[in-house]
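Undergrad: structure of the sequence below:
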Amino acid sequence: MKTKAGAILSSIQIDRSLDRKISVQLYMGLRDTILSGGLKGGERLPATRTLANEVGVSRTTAIDAVSRLVSEGLLESRIGAGTYVSQTMTGQEQTPTKTKMEDVVQPMRLSSATEKAVNLFADRQRLPHQSQAFVTALPALNSFPMAQWSRLSARQWRSERDQGMGYGDPQGFSRLRSAIASHLNASRGIQCNPEQVFIVNGAQHAFSIIGNMLINPGEKIWFENPGAIGARNAFISHGANLVPVNVDDDGLDVADGEAKAPDFALAFVTPSHQQPLGRIMSLSRRLRLLDTAEKADALIVEDDYDGDFYFGHQPLPTLKSIDTRNRVIYVGTFSKTLFPSLRLGFLISPPNMVDTMSTLFSCAMSGIPTWSQAVVADFIEEGHFATHIRTMRQYYRKQHEVLHNYSTMVESYMHIEKASAGFHTVGFFHEPTDEEAFVAEAAKMGVTLSPISRYCLESVERNGVVIGYGAAEEGDLKRGMTVLKHLFERKIGMP
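TA: As a prediction, this is how the structure comes out:
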């Protein structure tokens, strides 16, 4: 049984009104497709009978065109195996000829909101995301329980096809929503029912939905400074007027926010592990923020991106769990607890927003692939998720300790903060240093850092870098610190 029928070539058009022979038209169409890169070196053509049927010509015509290309060396005929594009064509595709008009092409017309947002977007260059020192936001992929995941994935593909392959519930797979509600109740103290849980394509998708639903152009949004870049860009794209609010040892400085914008409409916070400084918002500060939001008739977005990986003392309650006035929208993601390419997250709506949000999801969104949701639901319900979280808490605690053991190599130049959650921390320079220059030089030596300025709406007093320790092996952490010491000794970025 043949398992490879060859490329589909329905783009080749035969015009019978032309004087040119049909076999010549087919020959030229195949030749142009090969030379333009539509067919790669080594790629198989369909059988001449199949080609004739798809293009609408006789088999004799197809054989004639293919034979001509074989004689020219563009195709190779292999006895018993079919016809293939010659391997000599690999990398030899012709570049389309440039037109003179390309020098004078006008930029595409954009909406005023998009044009403004593009100019304000931060961090246009994506950071490397491979497992090494000191990459941030990437979990320890080598520690993921792939055996259990593979078994559950295979089981789902053997399940009823309508469930896994059809259009799913736009709000999310019901079993996953129930599993998330149970997990949040047990681990984070959040009492919600499955109807409040909405499955999204990662946290960034959640921020975009919130911006679309709740932010009017020009409205003032309290935003941590420094703060999370993804949420910042999502809110900017919806026309928000972001107000940079200082972050101190207790988290978001509510007094600073009140002084700058008492009439705010929404506040964005990462209270369980501030992004990027790693601060834990104190209970008194959390209560004050809730009270201030009530007085201003404002909402709060709580981004709990890595709160499951708390390895300090008893964690403080989430804002959502102590919100008695329906002010908090809680956003979570599986990018950190499982793996980023899953592209799966969730938001917990206040009860008084469920109906509106359900309408929005049902009418304007097609939902997330049901198959992956079902696998995650099984992963949680069978206890693998809880086991994985416990294992990774200890793993990240150990990684954090390893990082600090090696940090003595640079303690004369930098103070590396101790973390109590997640898999990143921050290092503050003892002397004023050009963050960008320091980070760029480290990158040349295979070490990935993020400057604090990358997260800032406006400059902050202390400068330094964000250091990830979750995705690197012990040897990588040691080598990373050796590189930093070398850069400090060379006074990279220092006046």
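
Undergrad: can I have the lengthiest helix in the chain written out in CSV, keeping just the CAs?
TA: When the chain is scanned for its longest helix (criterion: DSSP state H), the result is helix 384-406. The C-alpha atoms that make up helix 384-406 are tabulated as CSV, following Å, rounded to 0.1, in the frame of the first residue of the first chain:
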residue,chain,number,x,y,z
HIS,A,384,-0.7,13.5,37.8
PHE,A,385,-1.0,17.3,37.9
ALA,A,386,-0.9,17.4,41.7
THR,A,387,2.1,15.1,41.8
HIS,A,388,3.9,17.1,39.1
ILE,A,389,3.3,20.4,41.0
ARG,A,390,4.7,18.9,44.2
THR,A,391,7.7,17.5,42.4
MET,A,392,8.5,20.8,40.6
ARG,A,393,8.1,22.9,43.7
GLN,A,394,11.0,20.9,45.2
TYR,A,395,12.9,21.0,42.0
TYR,A,396,12.7,24.8,41.7
ARG,A,397,13.6,25.2,45.4
LYS,A,398,16.7,23.1,44.7
GLN,A,399,17.5,25.1,41.5
HIS,A,400,17.1,28.3,43.5
GLU,A,401,19.5,27.1,46.1
VAL,A,402,22.0,26.1,43.5
LEU,A,403,21.8,29.5,41.9
HIS,A,404,22.5,31.2,45.2
ASN,A,405,25.4,29.0,46.0
TYR,A,406,27.0,30.1,42.7
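
Undergrad: so which elements touch it?
TA: Where contact means 3 or more C-beta pairs under 8 Å, 6 or more residues apart in numbering; DSSP states H and E, helix 384-406 is packed against helix 146-157, helix 174-188, helix 334-337, helix 370-381, helix 474-489. Yep, even glycine has a C-beta here, placed from its N, CA and C like the rest.

Undergrad: give the contact list for K220.
TA: 240-241, 243, 261, 263-265 (C-beta atoms under 8 Å, 6 or more residues apart in numbering).

Undergrad: make a PyMOL selection of the buried ones in the residues you listed.
TA: PyMOL command restricting the contacts of K220 to the buried ones, with burial defined by 16 or more other C-beta atoms under 10 Å:
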select buried, resi 240+241+243+261+264+265
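
Undergrad: in the contacts of K220, find the pair that's most separated.
TA: Greatest spatial distance among those (C-beta to C-beta): A240 and D263, at 13.7 Å.

Undergrad: E436: which element?
TA: Per DSSP states H and E, E436 falls inside helix 435-444.

Undergrad: check which helices and strands whichever helix or strand comes after that helix sits against.
TA: As assigned by DSSP H and E, the chain's next helix or strand after helix 435-444 is strand 450-451. Secondary-structure packing of strand 450-451 (3+ C-beta pairs under 8 Å, 6+ apart): helix 435-444, strand 464-468.

Undergrad: got the angle for the first one vs strand 464-468?
TA: Yep, that's helix 435-444 we're talking about. With axes from the mean of the first three to the mean of the last three C-alpha atoms, to 10 degrees defining the directions, helix 435-444 sits at 40 degrees from strand 464-468.

Undergrad: reformat the helices and strands packed on helix 384-406 as a markdown table; add mean neighbour count, mean pLDDT and distance to V197.
TA: Shown next, in a markdown table, are the helices and strands packed on helix 384-406 (neighbours: other C-beta atoms under 10 Å; pLDDT from 0 to 100; distance: least, C-beta to C-beta, whole Å):
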| stretch | mean neighbour count | mean pLDDT | distance to V197 |
| --- | --- | --- | --- |
| helix 146-157 | 14 | 94 | 20 |
| helix 174-188 | 19 | 96 | 4 |
| helix 334-337 | 22 | 96 | 13 |
| helix 370-381 | 22 | 96 | 11 |
| helix 474-489 | 19 | 96 | 37 |
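
Undergrad: which one of those lies closest to S23?
TA: Ranking the helices and strands packed on helix 384-406 by proximity to S23 (C-beta to C-beta) places helix 146-157 first, at 44.8 Å.

Undergrad: name the residues that touch the helix or strand following the closest one?
TA: Going down the chain from helix 146-157, the next helix or strand is helix 161-165, by DSSP H and E. With contacts defined as C-beta under 8 Å, 6+ apart, helix 161-165 is touched by 156-157, 370-371, 374.

Undergrad: ok, of those, which one's closest to T448?
TA: Using C-beta to C-beta, the contacts of helix 161-165 come closest to T448 at W371, 32.6 Å.

Undergrad: once you drop chain neighbours, what's closest to the closest one?
TA: In space, and not counting its chain neighbours, W371 is closest to G164: 4.4 Å by C-beta to C-beta, 6 or more residues apart in numbering.

Undergrad: give the burial count for the one you found, as a bare number.
TA: G164: 19 surrounding residues under other C-beta atoms under 10 Å.

Undergrad: that older thread, include pLDDT when you put the contacts of K220 into CSV, please.
TA: As requested, those are exported to CSV (pLDDT from 0 to 100):
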residue, pLDDT
A240, 95
N241, 96
V243, 98
A261, 98
D263, 96
F264, 98
A265, 97
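
Undergrad: closest one to T318 out of the contacts of K220, please.
TA: F264 (20.8 Å).

Undergrad: go ahead and confirm that closest one touches I215.
TA: No - using C-beta atoms under 8 Å, F264 makes no contact with I215, being 11.3 Å away.

Undergrad: what sits in contact with each of these two?
TA: Common neighbours of F264 and I215 (C-beta under 8 Å, 6+ apart) are I221.

Undergrad: OK, contacts around L120?
TA: Counting by C-beta under 8 Å, 6+ apart, L120 makes contact with I236.

Undergrad: how near is N246 to G227?
TA: 11 Å (C-beta to C-beta, to the nearest Å).

Undergrad: what do you get for S335?
TA: 18 Å.

Undergrad: ok, now L487?
TA: Relative to G227, L487 is positioned 27 Å away (C-beta to C-beta).

Undergrad: got a pLDDT number for P495?
TA: With respect to pLDDT, P495 has a value of 83.

Undergrad: out of the helices and strands in this protein, which is least certain?
TA: helix 112-120 (a mean of 78; mean pLDDT, DSSP states H and E).

Undergrad: mind giving me the domain ranges of this protein?
TA: Listed by automatic domain parsing, the domain ranges of the chain are 22-89, 116-123+146-383, 387-489.

Undergrad: how many neighbouring residues does the nearest residue to N212 once chain neighbours are set aside have?
TA: In space, and not counting its chain neighbours, N212 is closest to H238: 6.1 Å by C-beta to C-beta, 6+ apart. Per other C-beta under 10 Å, the neighbour tally for H238 reads 20.

Undergrad: over to F268?
TA: F268 has 27 neighbouring residues, counting by other C-beta under 10 Å.

Undergrad: quick one: strands adjacent to the helix or strand in which it is found?
TA: Using DSSP H and E, F268 sits within strand 266-269. In the sheet, strand 266-269 lines up against strand 220-225 (parallel), strand 299-303 (parallel) (DSSP bridges).

Undergrad: how far off centre is the shortest one?
TA: Okay, so that is strand 299-303. Centroid displacement of strand 299-303 relative to its chain, using C-alpha atoms, centre = their mean, to the nearest Å, is 19 Å.

Undergrad: packing partners for the next helix or strand after it?
TA: Sequence-wise, the next helix or strand downstream of strand 299-303 (DSSP H and E) is helix 319-322. Here helix 319-322 touches helix 283-296, strand 299-303, strand 328-333, going by 3+ C-beta pairs under 8 Å, 6+ apart.
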